[in-house]
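**Student:** Provide a 3D model corresponding to the input given below.
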Amino acid sequence: MRLPAARPLLARPHGEPALTEGTRRRLGLAALAALVVTGVLLAAGGVQRLQFFIPASRAAFPGWMAGPLGGLGIRPTPEQASLLLIAMFACYLVVLACAGALPVRLAIGAAVTLHLAFMLAPPLFSADVFGYIDFGRLAALHHVNPYLHGTAAAPLDAVHPFVRWRDSGSAYGPLFTLSTLALVPLGVAGSLWTLKALTAAAGLGCMALVWRLARRLGHDPLPATLFVGLNPLLLAFEVGGGHNDLLVMLLVLLGALALVESGMAIGGGLLATASWVKPPVGLLLPLAAVAHRFDRRLLAGVAAASAAAVAAGWLAFGRHTFGFVTQIRAEQHLVAHNSVPGRLVVWLELPGVPGWLRALFLLALGAALIALLLAVVRRRMNWIPAGGWSLLALLVTSAWLLPWYPVWVLPLAAVADDRRLRVGTLALCGWTLATRLGPWLPGAL
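**Tutor:** Sure, this is the predicted structure:
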């Protein structure tokens, strides 16, 4: 199905550009250059032991964690780093508005440069990557089930000092938890940089797939690709932090492309595989199935991939293969200060998130998911934008929102013929950035 090309973000009501082509090109090039400079400064500035950059600061900062950017001697304060992130986001918005006028090779080169810069930075803004490393070490070296125990079960392990959530087991599907066993022979340092490299490679792979999928759907591929590849949250938090979300979205995009090209079994299998790595993307499965009228090949692919994932998990973790469900449920009882429910609690001066408020957000999520499913059933919406809206609704209603979670929505919004979804995704990115950085900004309470 070919969809019409999306209008640029800065456009008059009838599609006439708000600025001339030459002005957009000059403005876009200036913003692109500023985005690269601020991004490199931020990546290089992470080589210091500050809670703002590396939350796992209870341990000493070893030289192997600093990476090759440590020699640049850049040491921004938390306030300065916050301003760098804000400047990156502002430049990103300008680049998106002018994307159609930019030289393709220069724009893609800038995205690749930023991926490499954040890949070479130390783990930024999160210690989760050490949790990934810990899962494999718990199972392989200490014979401890990572779905039942956290790193506290092996306090003498080399990775223990760097793990922040020490009593939490794995909240990921068995395919990801099982894959961490392959990292064990690399040691802690080798595992860290391998995961950072895999995350950056997955980001570049997502860019390539967005380009191909956008062309396949009849869109201008450059704006769609830059929407993903230059996003500051994706670069600083996801690639910088070495998270696994881009690996998941790489599988999702491969599945989407397969379905668009009528590879039903492969597409269904890839979407199912993604959900057995990170369960929330399982919301895409019913939408894809309904959109393709429950095609038997698609369902067979889902069933085969799911059976393989469960079998592999059962061999490794036994009856606790589904332990991630317990961990996810526990997370949903936590409250992130930058989530929408979390901020609402602060504004209402409530002592915590009461049950009735959680129920209201859960009902809102359920209503949104049902409405989106019906829209796909009635052919009013393609499953790809519906999937983007589903994940966006999940993030807005969840009390547990982390700054890299908008990465789930970015690729789907980029290729969808839905300008409102792209604006909503950018609004979520702006919200996440503002609430995350608020306490570090000058004059903040």
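**Student:** From now on I want contacts and neighbour counts done on CA atoms only, so please keep to that.
**Tutor:** Noted.
**Student:** number of nearby residues for residue 292?
**Tutor:** As a burial measure, residue 292 scores 17 neighbours (other Cα atoms under 10 Å).
**Student:** tell me the phi and psi of it?
**Tutor:** Dihedral pair for residue 292: phi -100, psi 20, per degrees, to the nearest 10.
**Student:** Spatially nearest residue to residue 237, not counting backbone neighbours?
**Tutor:** In this structure, residue 237 finds its nearest non-sequential neighbour in residue 404, 5.6 Å apart by Cα to Cα, 6 or more residues apart in numbering.
**Student:** who are the neighbours in contact with the one you found?
**Tutor:** Taking Cα atoms under 8 Å, 6 or more residues apart in numbering, we find residue 404 in contact with 233, 234, 237, 238, 245.
**Student:** contacting residues around the worst-scoring helix or strand of the chain on mean pLDDT?
**Tutor:** Within the chain, no helix or strand scores below helix 323-331, which has a mean of 74 by mean pLDDT, DSSP states H and E. With contacts defined as Cα under 8 Å, 6+ apart, helix 323-331 is touched by 147, 148, 168, 169, 170, 171, 172, 173, 400.
**Student:** try it again with 6 Å
**Tutor:** With contact meaning Cα atoms under 6 Å, 6 or more residues apart in numbering, helix 323-331 is reached by 147, 171, 172.
**Student:** What's the first helix or strand after it?
**Tutor:** Counting by DSSP states H and E, the next helix or strand C-terminal to helix 323-331 is helix 340-348.
**Student:** returning to that earlier point: could you list the buried residues of the least confident helix or strand of the chain?
**Tutor:** The neighbour-count check on helix 323-331 (16 or more other Cα atoms under 10 Å) flags 323, 324, 325, 327, 328, 331 as buried.
**Student:** Max pairwise distance over those: which two?
**Tutor:** For these, the farthest-apart pair by Cα to Cα is 323 and 331; their separation is 12.9 Å.
**Student:** Check the burial of residue 188 by counting its neighbours.
**Tutor:** Using other Cα under 10 Å, residue 188 has 21 other residues around it.
**Student:** scratch that, residue 238
**Tutor:** Using other Cα under 10 Å, residue 238 is surrounded by 29 other residues.
**Student:** Also residue 180?
**Tutor:** 20.
**Student:** so what pLDDT did it get?
**Tutor:** Looking at residue 180, its pLDDT reads 92.
**Student:** Just the element for the closest residue to it other than its chain neighbours, please.
**Tutor:** Using Cα to Cα, 6+ apart and skipping residues adjacent in sequence, the residue nearest residue 180 is residue 136, 4.6 Å away. Using DSSP H and E, the element containing residue 136 is helix 128-141.
**Student:** ok, residues contacting that helix?
**Tutor:** Outside of helix 128-141, the residues within contact range by Cα under 6 Å, 6+ apart are 144, 145, 146, 163, 180, 181, 184, 242.
**Student:** Dump the contacts of helix 323-331 to TSV, plus secondary structure, pLDDT and distance to residue 312.
**Tutor:** Listed next are these as TSV, based on DSSP: H, G, I helix; E, B strand; the rest coil; pLDDT from 0 to 100; distance: Cα to Cα, whole Å:
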residue	secondary structure	pLDDT	distance to residue 312
147	coil	86	15
171	coil	84	17
172	coil	89	14
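**Student:** For those residues, give me JSON lines that also has neighbour count.
**Tutor:** Formatted as JSON lines, the contacts of helix 323-331 follow (neighbours: other Cα atoms under 10 Å):
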{"residue": "147", "neighbour count": "25"}
{"residue": "171", "neighbour count": "23"}
{"residue": "172", "neighbour count": "24"}
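**Student:** and which of those is nearest to residue 114?
**Tutor:** For the contacts of helix 323-331, the nearest to residue 114 is residue 172 (27.6 Å; Cα to Cα).
**Student:** circling back to that earlier point, between the contacts of helix 323-331, which is closest to residue 374?
**Tutor:** Residue 374 lies nearest to residue 172 out of the contacts of helix 323-331, by Cα to Cα, at 29.2 Å.
**Student:** Hmm, residue 280 and the closest one touching each other?
**Tutor:** No - counting by Cα atoms under 6 Å, residue 172 does not reach residue 280; the two are 9.8 Å apart.
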